[in-house]
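**Student:** Coordinates for the following, if possible.
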Amino acid sequence: MNSKQRLEFILAAIFLMSCICTFLNLPFSRLAAVLSGFLLGGLYFYGAFWLYGDYAIPLITRIITGLLFSLAVLACMFWLLKWPLFGLYSVISCIGFGLIIIVSIFNSKNTGYKQLLYRCIFFIIVLIALNAVNFLVRHVPFRLI
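**Tutor:** You can find the predicted model right below:
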């Protein structure tokens, strides 16, 4: 794990811990979730040049991938804080991730595209799980959360 991946992992872990604390209704956990979510989203969007600069990935692919990762983090944060437009951000992210997965499969021999493929699959699984929980909360008569 190099220093770029370590920074990404640390921010993602802080975001995950603040999300868990938000579920437990701990004080200032929503503030921590907002700040860490915006930091992680900013790292993915603004730092995509730096984060994936070591791999032979075209610039436009890095820009689009960073934008989609940022939208996925924002969708998770919006769902967690019960803000509107969660569904719109998650649908846009999943459609974009489908395109990135297709490009990654065609360039599967490049290690950079493999990392993008794994991250896209992870974010798709997270967004599908959040959409499933959102559907269950709205349409099942008993309360899950």
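**Student:** Tell me where this protein has helices.
**Tutor:** Counting by DSSP state H, the chain has helices at residues 3-23, 29-46, 48-51, 59-80, 86-106, 111-139.
**Student:** In the helix or strand of the chain with the lowest mean pLDDT, which residues are buried?
**Tutor:** Ranking every helix and strand in the chain by mean pLDDT, DSSP states H and E puts helix 48-51 at the bottom, with a mean of 76. By neighbour count with 16 or more other Cβ atoms under 10 Å, helix 48-51 contains the buried residues 48, 51. For the C-beta atoms, the positions are set from N, CA and C on the backbone; glycine is no exception.
**Student:** Spit out the contact partners of residue 18.
**Tutor:** Residue 18 sits next to 29, 32, 33, 36, 37 when contact means Cβ atoms under 8 Å, 6 or more residues apart in numbering.
**Student:** ditto for residue 36
**Tutor:** 11, 14, 15, 18.
**Student:** What distance do you get for it to residue 99?
**Tutor:** 27 Å (Cβ to Cβ, to the nearest Å).
**Student:** Report the residue spans of the chain with pLDDT below the cut-off.
**Tutor:** Residue ranges of the chain with pLDDT under 70: 142-145.
**Student:** Any chance of the contacts of residue 18 in a markdown table with distance to residue 83 as columns?
**Tutor:** Output for these, formatted as a markdown table (distance: Cβ to Cβ, whole Å):
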| residue | distance to residue 83 |
| --- | --- |
| 29 | 15 |
| 32 | 16 |
| 33 | 11 |
| 36 | 16 |
| 37 | 11 |
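**Student:** from those residues, which two are the most distant?
**Tutor:** Spanning the widest gap among the contacts of residue 18 are 29 and 37, at 11.9 Å by Cβ to Cβ.
**Student:** Which one's more surrounded, these two?
**Tutor:** Comparing residue 29 with residue 37 by other Cβ atoms under 10 Å, the one with more neighbours is residue 37, at 23 against 18.
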